[in-house]
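> below are the sequence and a predicted model for it; my questions follow.
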Amino acid sequence: MSENTRRAYAHDAQEFVHWCERGGCPDASALDHRALRRYLAYLQTRGFSRPSIARKAASVRAYLRHLRRRGVLGRDVAAAVQAPKGARRLPRMPRRTEAAALLDGLSDRTGSDDPRAWRDLAVVELLYGAGLRVSECCGLNIGDVDLRRATVTALGKGAKVRRLPLGAPALDAVAGYLSVGRPAWPGGPDASAQAEGALFLNARGRRLSPRDVRRVLDRNPLADGRSLHPHALRHAYATHLLEGGADLRAVQELLGHADVGTTQIYTHVTRERLKSVYERTHPRA
């Protein structure tokens, strides 16, 4: 599992342990389905959303399986943890014209002497032009971008590596950052040992973090004043590919999804295209 997933699961397990210690079930060997139901009810009273409760329930299931393997629990009670599943919703994402305007605005800023303008453009181009997760983008090293072959190699969830094509705008943005922005970085490109080989640096000379990327998008809102979440650009990448006629399996490979079912969440935003395909091709349409 990715570092973010491990961190989230550990945090959720600790929350469950603290709840037990505060009176939920002080004796671990006494855990049963009634205690687990009380915990899920407690999460609901805390105001957590259904997806959050589902994630926390998955964390508790993993923790209970661990206790079972260690002999702390004499029976398997993990199956009793059932959380309500909410509908999977996509965040608001930019339309094609909005994404183009955002990138055009970032490109215009590269005419200044600020090397951060080159970095910001390259980061956003990779998020939207290659569909990278923000963690994948921040984890890139210089050697992961092949300018000659126009590809970027990303390390995704589950330590899965995928090589993605780069369009001309993204390629030009990264090449400009490497030739102009990064060499002029404040304090030098190697201001921190942590940044050795890192493609993108923050103001302190360290490897760019997801929080830094969020600040980049906050400084560059859309025309209506709305700031995008970095993941919205990945959703826009997938949606615009499907709207343009891309095959679902191809989009699955580009996104690095292990299950095509995960990719199918994007199909509901392309209903008009699906309707037109049906009407054009089915004999009974």
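Arrived safely, thanks for sending.

> quick one: the strands in the chain, in order.
145-146, 151-155, 161-165 (DSSP state E).

> need those in TSV with mean pLDDT, can you?
As requested, these are exported to TSV (pLDDT from 0 to 100):
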stretch	mean pLDDT
strand 145-146	95
strand 151-155	93
strand 161-165	92
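
> where does this structure dip in pLDDT?
In the predicted model of the chain, residues 1, 80-81, 83-91, 187-196, 267-274, 285 satisfy pLDDT under 70.

> what sits against the residue nearest to the spatial centre of the chain?
In the chain, the centroid-proximal residue (C-alpha atoms, centre = their mean) is residue 133; its distance is 4.1 Å. Applying C-beta atoms under 8 Å, 6 or more residues apart in numbering to residue 133 gives the contacts 154, 156-157, 231, 234. The way it works is simple: take the backbone N, C-alpha and C, and place the C-beta from them, glycine included.

> tell me the domain ranges of the chain?
Domain ranges of the chain: 3-80, 96-272, per automatic domain parsing.

> right, so those domains: which one is the most enclosed?
domain 96-272 (a mean of 17; mean count of other C-beta atoms under 10 Å).

> so for stretch 92-101, first residue to last residue, what's the gap.
End-to-end distance for stretch 92-101: 16 Å, by C-alpha to C-alpha, to the nearest Å.

> please apply the same query to stretch 224-231.
Start and end residues of stretch 224-231 are separated by 19 Å (C-alpha to C-alpha).

> top helix in the chain by residue count?
Taking DSSP state H as the criterion, the chain has its longest helix at helix 50-69.

> how far off centre is that one?
Here the centre of helix 50-69 is set off from its chain's centre by 21 Å, with C-alpha atoms, centre = their mean, to the nearest Å.

> about what we covered before: give me phi/psi at the residue nearest to the centre of the chain?
phi -70, psi 150 (degrees, to the nearest 10).

> then residue 222?
Torsion angles at residue 222 (phi, psi; degrees, to the nearest 10) stand at phi -70, psi 180.

> surely it meets residue 103?
No - using C-beta atoms under 8 Å, residue 222 is not in contact with residue 103, being 11.4 Å away.

> who touches both of these two?
With C-beta under 8 Å, 6+ apart, residue 222 and residue 103 have no common neighbours.

> phi and psi next, for residue 70.
Per degrees, to the nearest 10, the backbone of residue 70 is at phi -80, psi 0.

> what's near enough to touch residue 136?
Here residue 136 is in contact with 154-156 (C-beta under 8 Å, 6+ apart).

> dump those residues to TSV, plus distance to residue 170.
Putting the contacts of residue 136 into TSV (distance: C-beta to C-beta, whole Å) gives the following:
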residue	distance to residue 170
154	13
155	18
156	18
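
> out of the residues you listed, flag the one nearest to residue 28.
Using C-beta to C-beta, residue 156 is the member of these that lies nearest residue 28, at 35.3 Å.

> excluding its backbone neighbours, what's nearest the closest one?
The shortest distance from residue 156 to any non-neighbouring residue, by C-beta to C-beta, 6 or more residues apart in numbering, is to residue 256 (4.2 Å).

> quick check: the gap between that neighbour and residue 154.
Residue 256 sits 7 Å away from residue 154, going by C-beta to C-beta, to the nearest Å.

> having no further points to raise, I will conclude here.
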